[in-house]
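A.B. asks: structure for the following, please:
(one chain, ligands or ions: 2)
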Amino acid sequence: MTTKLAALQSWVDQVAEHTRPEAIHWCTGTDAEYQDLIEMMLATGTLTTLNKKTHPNCYLHLSSPNDVARVEHLTFICTPDRDDAGPNNHWKSPEEGHAQMDALFAGCMRGRIMYVIPYCMGPIESPYARCGVEITDSPYVVANMKLMTKVGNKALQRIEKEGTFVRGLHSTGELDPERRFIMHFPEELSIKSYGSGYGGNALLGKKCHALRIASYQGRQEGWLAEHMLIVGLENPDGDVHYIACAFPSACGKTNLAMLIPPESMKGWRVWTLGDDIAWLHLDEAGKLRAINPEAGYFGVVPGTNEKTNKNAYDMITHDTIFTNVATTEDNQPWWEGKKDGKPARDWQGRVYDESAGPAAHPNSRFTVAATNNPAYSSLADAPTGVPISAIVFGGRRKQLAPLVYEAKSWEHGVLVGAGTASETTAAATGAVGVVRRDPMAMKPFCGYNFGDYWEHWLSFPARSEHLPKIFHVNWFRQNDKGEFLWPGFGENIRVLEWIVDRVEHRAGAQGTPIGFLPHVEDLNTNGLKIDRAALEELTSIDAEQWRQEMTEILEYLETYGDRLPDELRRQQAMIVEALDSELAEAS
Ligand code: OXD
Ligand code: MN
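C.D. replies: Ligands and ions are numbered 1, 2, ... in the order given. You can find the predicted model right below:
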């Protein structure tokens, strides 16, 4: 297979000329092609087969031990003007970025096959979908892309019709952390990634295209590319509301997207549209509509069990690629928090030794087609997406942030998103558990200056009077003993219920300086086992701590200098004023 599109053909030719592969394979995305790749990877030892009885069509890949997470410190946005990348990104000029990457790519595919993967992000017929082509020398990447995106002829046809596509060039290189970079050239709609085979660094449709490049494209074209799950919440009357939630990596987006309501919430159902990325467009009536550009899940494995996420637990019992999990004596995949079985070999294939750390890597992953998910929504592939009733920001905060609060307006909601902070997780290399600002959960993923990004968010009210309400949640509050105050998981549906009821003007709330919080009585606590004192703590704020938080938020926002929209300063000042008068009254 080749292509009728001259621009694509000449790019492929140029890349081949430069990287010198042994052969070129145009991917068709068929099941037969997937099987051939799997056989080939089994023969070379890139994959091993897991227990066929308990886990049919499941395979294990053990990565190089130095290549287990996204590398934010080696990820760059390359724009002519440094300020266009902003303080939120590492920057290089396009000339320097290309020169550095081209030197790494020279001859790097000698003796390897070069795969050309035409893919579509989003429903193939959707006007909101966008296409790309990834060139890679990794069969593992091809197999993962087949599960995660729509690969093949239909995508190629759309690319040939549209004439434009995102160009992603990837090589695993030598897997040397000293020769590893992920560079984005938003103005050229192109990506170059070298030296890693890890998902977020190598499956270029995901973070690189669907977030960094797409966020840039979205600003040009008037839409938003966000690090958000999309979920449908169905009440016992059969009404469904769609909610988009932005939480940082490894903070439970997959669990919330596939939530199973507790026994005491009979008649409620949750439908998954997406677990990681949402593209949000205004339709002609001014409604914000969401599509999930992805076709699969690349989820964190540890902690997944029948209680935390039964849908995910079931869906990864077949047709799944596991990366960096442990295995049991009878070759089933195993991970911390699995609840049954015990590890015989760890994520590096060594005989398990408790003193050598966790058996499965904390950022071990499953890759699986979305259609495996028992809660997959029938609208997940709808070309016009779903209407969004509420946007929810959140993070992992031991202290300060209450269980849930509602922003007073869209503009205030943008401040809430911009000020969001969270404790870091194992999804990226670096320290874990450190609180950092992660605006809109996009710190690692916004392809341009956050100042301009907030301005773009703030441009929406001028274009629509029907924008969703904005909320903030925190499932991770702890008491003095370090115990979680809120049970989380399936019980989070109670918070979603309050959110939808606020949207429908049928739930009460208390006005506070930071927004509207539920009174304990406003939450549905039927059948919930939790102390009244914990509920009270979860639904109240400490004005003094919040006063300090607002100072820190402003300090952070001011690092964006001239690009910081004045509207955010105004919103911050209004909250400070309200907090100050509350503190003055109390003293
Ligand atoms: C992911 C991440 O893999 O956010 O989704 O790191
Ligand atoms: Mn993510």
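A.B. asks: the helices in the stretch 301-450 of the chain, which residues?
C.D. replies: With helices called from DSSP state H, counting those that start in this stretch, the stretch 301-450 of the chain shows them at 306-315, 410-418, 450-458.
A.B. asks: buried residues, the first one. List them.
C.D. replies: Within helix 306-315, the residues that qualify as buried are 308-313, 315, counting by 16 or more other C-beta atoms under 10 Å. In this view, the C-beta of every residue, glycine as well, is placed from N, C-alpha and C.
A.B. asks: contact residues of the stretch 301-450 of the chain facing ligand 1?
C.D. replies: residue 427 (C-beta under 6 Å from any ligand atom).
A.B. asks: my error: substitute the chain in the last question.
C.D. replies: Applying C-beta under 6 Å from any ligand atom, we find that the chain lies next to ligand 1 at 70, 199-200, 249, 276, 298, 427.
A.B. asks: okay, the closest residue in space to residue 368 that isn't next to it in sequence: pLDDT?
C.D. replies: Excluding the flanking residues, the one nearest residue 368 by C-beta to C-beta, 6 or more residues apart in numbering is residue 320, at 4.6 Å. Note on residue 320: pLDDT of 98.
A.B. asks: and the residue lying closest to residue 87 once chain neighbours are set aside, what pLDDT?
C.D. replies: Among residues not flanking residue 87 along the chain, residue 559 sits closest, at 5.3 Å (C-beta to C-beta, 6+ apart). As predicted, residue 559 sits at a pLDDT of 98.
A.B. asks: okay, helices next: where are they in the stretch 151-300 of the chain?
C.D. replies: 153-162, 199-202, 214-221, 253-257.
A.B. asks: and these as JSON lines, adding mean pLDDT and mean neighbour count?
C.D. replies: As requested, the helices of the stretch 151-300 of the chain are exported to JSON lines (pLDDT from 0 to 100; neighbours: other C-beta atoms under 10 Å):
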{"stretch": "helix 153-162", "mean pLDDT": "98", "mean neighbour count": "18"}
{"stretch": "helix 199-202", "mean pLDDT": "97", "mean neighbour count": "26"}
{"stretch": "helix 214-221", "mean pLDDT": "98", "mean neighbour count": "20"}
{"stretch": "helix 253-257", "mean pLDDT": "96", "mean neighbour count": "26"}
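A.B. asks: and the ones you listed: which comes nearest residue 60?
C.D. replies: helix 199-202 (14.9 Å; C-beta to C-beta).
A.B. asks: in the stretch 251-400 of the chain, which residue sits nearest ligand 1?
C.D. replies: Here the stretch 251-400 of the chain gets closest to ligand 1 at one residue, residue 276, 4.7 Å apart by C-beta to the nearest ligand atom.
A.B. asks: and that residue, how close does it get to ligand 2?
C.D. replies: Residue 276 sits 4 Å away from ligand 2 when distances are taken as C-beta to the ion, to the nearest Å.
A.B. asks: quick thing: my sequence starts at 16, can you match it?
C.D. replies: Let's use 16 as the start, then, which means that last one is residue 291.
A.B. asks: ranges for the helices of the stretch 16-165 of the chain?
C.D. replies: 21-34, 46-59, 97-100, 109-120, 154-163.
A.B. asks: wait, which of the residues of the chain next to ligand 1 is closest to residue 40?
C.D. replies: residue 214 (21.2 Å).
A.B. asks: where in the stretch 216-365 of the chain is pLDDT low?
C.D. replies: Scanning the stretch 216-365 of the chain for pLDDT under 70 picks out nothing.
A.B. asks: can you list the residues of it near ligand 2?
C.D. replies: Proximity of the stretch 216-365 of the chain to ligand 2, by C-beta under 5 Å from the ion, involves residues 264, 291.
A.B. asks: at 6 Å instead, please
C.D. replies: 242, 264, 291 (C-beta under 6 Å from the ion).
A.B. asks: equivalent analysis for the chain, please.
C.D. replies: Counting by C-beta under 6 Å from the ion, the chain sits next to ligand 2 at 242, 264, 291.
A.B. asks: thanks a lot, catch you later.
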